[in-house]
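>>> need a 3D model of the sequence below.
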Amino acid sequence: MKSTSPGKDTHHHPLGQHPLLAGLTDAMPLRTFTPEQLESVGAEIRDVLCNLLATRTAHFASNLGVVELCLALHCEFDFRTDRLIWDTGHQVYPHKLVTGRYHDFPSIRTAGGLMGYPNPHESVYDLFMTGHAGCSVSTAVGLRSGDVIGGQKNRRTVAVIGDGAFPSGIVFEAMNNAGELGDDLTIVLNDNKMSICPRVGSVANYLDRLRSNPFYTGLKSEVVKLLDRVPMFGDPAERLLAQMKEGVKAGLLGGMLFEELGIRYVGPIDGHDIALVRKYLLMAREISGPVLLHVVTEKGHGYKPAAEDPVYFHTPPAFKDSAGNLVTQKSDGLPPYTLHARDAVRKAMAADPRVTITTAAMCQGNKLEPVREKFPDRFFDVGICESHAVAFAAGQCKTGLRPIVDIYSTFLQRSYDQIFQEVALQDLPVTFLLDRAGLTGPDGPTHHGLFDIGYMRVFPNMVCMAPGYAAEFELMLQASLGHDHPCSIRYPKASAIQLNHDPAPIEIGKSEVIRQGTDGTIVAFGAMLEQAIAAAELLEGDLDVGVVNARFVKPIDEAMVRETVVSGRFVITVEEGARMGGFGSAFIESAVEQRLDTRSIRVCALPDRFIDHGDRSELLHEHGLSPEAIAQACRDSVPAKV
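Numbering: from 1, shown residues only. Below you'll find the predicted structure:
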């Protein structure tokens with residue numbers, strides 16, 4: 001692996017460094033490459049990935065692990081017309097590099113540049129903007145069904161899904177449907193024994209048993225064919241021999257779970273052997289009906305540090321590889337909200353043996369490793385199964401426990417019906433921690449947590465709150481765990497500011513005044529308090545503006561709404577979430593209910609469209625949520641003096 005020098009221009013590739021990739025305007029030439037050329041392309045891809053990680057954080061180990069698989073797929077299919085769905089999509093970098101996007105690749109995960117996930121706006125090779133796990137098989141079954149109905153039966157459809165995403169309930173729903181329809185379909189199970197963290201659950205154990213199966217796939221097929229030719233005579237003998245045959249098949253033919261669903265199982269095979277993968281992809285194409293090809297890969301393959309620690313290298317901070325030694329470029333700054341959440345959870349679990357914590361394959365992302373180590377009997381990782389996580393917590397509630405469900409805002413959407421039916425409708429005191437609420441920066445529209453304010457506050461019995469600074473988090477968690485109704489706490493992927501004052505006690509539905517002002521008030525919900533305070537400071541000498549830390553969107557502080565509307569010339573509400581149904585909407589609803597004049601209220605929130613990827617501070621500025629933009633909104637709310 002070539003080292004990257006500190007002074008390297010990160011916006012342009014040295015054209016001589018990756019000649020094979022540089023010459024690919026699409027993936028078609030790969031089909032004519034020699035095995036040696038394909039290996040060279042793989043080496044070039046890994047070099048590009050390491051160079052990228054010298055400039056910014058990005059998904060790394062997962063992309064290293066699929067290089068050979070990606071090349072084999074593009075050698076055996078023409079995905080300009082055939083169908084390819086990459087499940088979750090964070091392992092799509094090699095695919096982008098061989099489909100004509102090499103020269104734009106240095107822009108990936110930057111504003112205006114390539115997305116870090118598949119993006120149909122970038123290329124005909126990308127069909128869906130996949131950022132959530134588990135949906136590839138469903139969409140692939142639908143694509144194949146549409147092609148069959150439309151008379152496009154020669155089109156091939158391939159779904160690539162990782163073993164971490166594979167236990168998702170929707171995958172089994174899709175396989176159940178695929179087996180019944182019987183349409184030609186290839187499901188590539190990319191098995192690297194990992195999600196972001198090591199995979200969990202009985203499906204993972206089943207895949208481990210398949211990986212250790214000593215029988216070669218071709219041998220198993222021949223044995224089964226031989227057994228099928230064994231004659232049977234007479235009813236009793238026929239039944240006995242049939243039972244024996246099925247027993248031998250079950251012992252020899254791995255993947256019986258899939259076979260019983262009507263999906264032919266092939267594998268496991270070495271996913272880093274391009275020629276072997278090509279051979280079995282061709283075999284899968286020739287089999288009628290749905291086929292699952294089990295491919296074994298190594299996350300981080302080809303770069304020793306990533307292979308040895310794939311959890312850290314899933315999305316590592318920017319680093320340089322200096323003579324084989326990792327040099328991490330650490331960033332300064334205040335601890336993020338996620339760490340404050342982790343510490344508050346750990347204290348709560350130490351204080352109360354009824355408190356449990358459940359996550360959905362995001363132990364590392366939620367920084368919960370110390371909690372898992374300290375309280376292994378009350379820590380639950382259910383895999384990428386958010387719906388189950390919420391219903392599971394509801395069941396715990398019924399036994400008297402006080403469960404915490406810690407899931408990213410964007411992923412909690414997958415459990416919407418369980419939040420409704422199993423928690424809110426039953427009025428059970430589950431505490432939801434919504435990490436990554438707001439703009440997640442370079443991860444883009446699939447990961448921005450913009451909709452949780454609207455989708456949580458609509459439920460009866462639900463309390464929705466957000467801390468505006470670091471010291472509030474522990475107090476809010478304590479208030480939630482002491483409240484006999486469901487609660488949610490949202491917080492962003494950002495540093496938590498420290499305020500030089502003692503926080504007011506947390507009372508359900510009560511806000512906190514940060515500073516008084518006579519001209520108007522900025523009412524901030526959650527982490528936007530930092531921008532609100534900065535905006536008020538920018539206005540000093542021009543306008544005397546107060547700042548309120550709203551704390552709650554439901555129940556909203558009606559007295560605060562009334563006071564801020566009647567006492568000044570304007571009210572600016574500020575939130576890092578979607579405008580539709582958000583905090584500003586709740587504020588105006590309260591004002592209308594109280595028959596207040598709403599003409600002085602202005603809502604600063606994110607617009608009614610999907611937000612592209614980019615740096616969080618840049619996105620806040622672009623969408624009117626920077627301190628300067630909020631200050632200008634205050635000025636615009638005051639009539640000009642004549």
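>>> against which helices or strands is the longest strand along the chain packed?
Criterion DSSP state E: the longest strand present in the chain is strand 570-578. When contacts are defined as 3 or more C-beta pairs under 8 Å, 6 or more residues apart in numbering; DSSP states H and E, strand 570-578 packs onto helix 452-457, strand 520-524, helix 583-593, strand 601-606, helix 627-636. Every C-beta, even on glycine, is put in place using the N, C-alpha and C of the backbone.
>>> what helices and strands are in contact with the first one?
Here helix 452-457 touches strand 431-435, strand 463-465, strand 487-490, strand 552-554, strand 570-578, helix 583-593, going by 3+ C-beta pairs under 8 Å, 6+ apart.
>>> with only the CA atoms kept, save stretch 118-127 in PDB.
The C-alpha atoms that make up stretch 118-127 are tabulated as PDB, following Å, rounded to 0.1, in the frame of the first residue of the first chain:
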ATOM      1  CA  PRO A 118     -25.400   4.700  -4.500                       C
ATOM      2  CA  ASN A 119     -27.000   7.700  -6.200                       C
ATOM      3  CA  PRO A 120     -29.200   7.400  -9.400                       C
ATOM      4  CA  HIS A 121     -28.400  11.000 -10.200                       C
ATOM      5  CA  GLU A 122     -24.800  10.100 -10.600                       C
ATOM      6  CA  SER A 123     -24.900   7.100 -12.900                       C
ATOM      7  CA  VAL A 124     -27.100   4.600 -14.700                       C
ATOM      8  CA  TYR A 125     -25.200   1.900 -12.700                       C
ATOM      9  CA  ASP A 126     -27.000   3.100  -9.500                       C
ATOM     10  CA  LEU A 127     -30.700   2.200  -9.200                       C
END
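>>> which other residues reach that stretch?
Residues outside stretch 118-127 that contact it (C-beta atoms under 8 Å, 6 or more residues apart in numbering): 26-27, 79-80, 83-86, 89, 92, 95-96, 99-101, 114-115, 128-130, 139, 143.
>>> for residue 172, pull up the helix or strand it's in.
Assessed by DSSP states H and E, residue 172 sits inside helix 169-181.
>>> related to what we said a few turns ago, columns mean pLDDT on top of the helices and strands packed on helix 452-457, output as CSV?
Formatted as CSV, those follow (pLDDT from 0 to 100):
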stretch, mean pLDDT
strand 431-435, 97
strand 463-465, 98
strand 487-490, 98
strand 552-554, 98
strand 570-578, 97
helix 583-593, 97
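>>> turn the ones you listed into JSON lines, including distance to residue 20 and mean neighbour count.
Converted to JSON lines, those look like this (distance: least, C-beta to C-beta, whole Å; neighbours: other C-beta atoms under 10 Å):
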{"stretch": "strand 431-435", "distance to residue 20": "40", "mean neighbour count": "27"}
{"stretch": "strand 463-465", "distance to residue 20": "53", "mean neighbour count": "25"}
{"stretch": "strand 487-490", "distance to residue 20": "46", "mean neighbour count": "28"}
{"stretch": "strand 552-554", "distance to residue 20": "53", "mean neighbour count": "24"}
{"stretch": "strand 570-578", "distance to residue 20": "43", "mean neighbour count": "27"}
{"stretch": "helix 583-593", "distance to residue 20": "52", "mean neighbour count": "20"}
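>>> residue 174 versus the residue nearest to residue 433 when sequence neighbours are not counted, what's the distance?
Spatial nearest neighbour of residue 433, excluding adjacent residues (C-beta to C-beta, 6 or more residues apart in numbering): residue 406 at 4.3 Å. As judged by C-beta to C-beta, to the nearest Å, residue 406 and residue 174 stand 27 Å apart.
>>> which of the contacts of stretch 118-127 are buried?
Restricting the contacts of stretch 118-127 to buried positions leaves 26-27, 79, 83-86, 89, 92, 95-96, 99-101, 114-115, 128-130, 139, 143, with burial counted as 16 or more other C-beta atoms under 10 Å.
>>> count of neighbours near the residue nearest to residue 33 when sequence neighbours are not counted?
Closest residue in space to residue 33, ignoring its immediate chain neighbours: residue 41 at 6.9 Å, by C-beta to C-beta, 6+ apart. Residue 41 is flanked by 27 other residues according to other C-beta atoms under 10 Å.
>>> element containing residue 41?
Element membership for residue 41 (DSSP H and E) is helix 35-53.
>>> after that helix comes which helix or strand?
Next in line after helix 35-53, if elements are assigned by DSSP H and E, sits helix 61-64.
>>> state the mean pLDDT of that next one.
In this model, helix 61-64 has an average pLDDT of 85.
>>> so what's residue 272 closest to, chain neighbours aside?
Nearest non-adjacent residue to residue 272, counting by C-beta to C-beta, 6+ apart: residue 68, 4.8 Å away.
>>> any idea which of the helices and strands packed on strand 570-578 gets closest to residue 538?
helix 627-636 (4.4 Å; C-beta to C-beta).
>>> counting contacts, what elements does that closest one pack onto?
Using 3+ C-beta pairs under 8 Å, 6+ apart: helix 627-636 touches strand 520-524, helix 529-538, strand 570-578, strand 601-606.
>>> go again with 10 Å.
The contact analysis (3 or more C-beta pairs under 10 Å, 6 or more residues apart in numbering; DSSP states H and E) places helix 627-636 against strand 520-524, helix 529-538, strand 545-549, strand 570-578, strand 601-606, helix 616-622.
>>> adding distance to residue 18, write the ones you listed out as TSV.
Written out in TSV, the entries for those read as follows (distance: least, C-beta to C-beta, whole Å):
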stretch	distance to residue 18
strand 520-524	47
helix 529-538	42
strand 545-549	51
strand 570-578	39
strand 601-606	38
helix 616-622	29
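>>> one step back: may I have the longest strand of the chain as CSV, with CA atoms only?
Below are the C-alpha coordinates for strand 570-578, written out as CSV (Å, rounded to 0.1, in the frame of the first residue of the first chain):
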residue,chain,number,x,y,z
PHE,A,570,-40.8,39.1,17.2
VAL,A,571,-40.2,35.4,18.0
ILE,A,572,-37.8,33.3,15.9
THR,A,573,-38.0,29.6,16.4
VAL,A,574,-34.9,27.6,15.5
GLU,A,575,-34.6,23.8,15.0
GLU,A,576,-32.3,21.3,13.3
GLY,A,577,-35.1,19.4,11.7
ALA,A,578,-37.7,19.4,9.0
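>>> all set, thanks.
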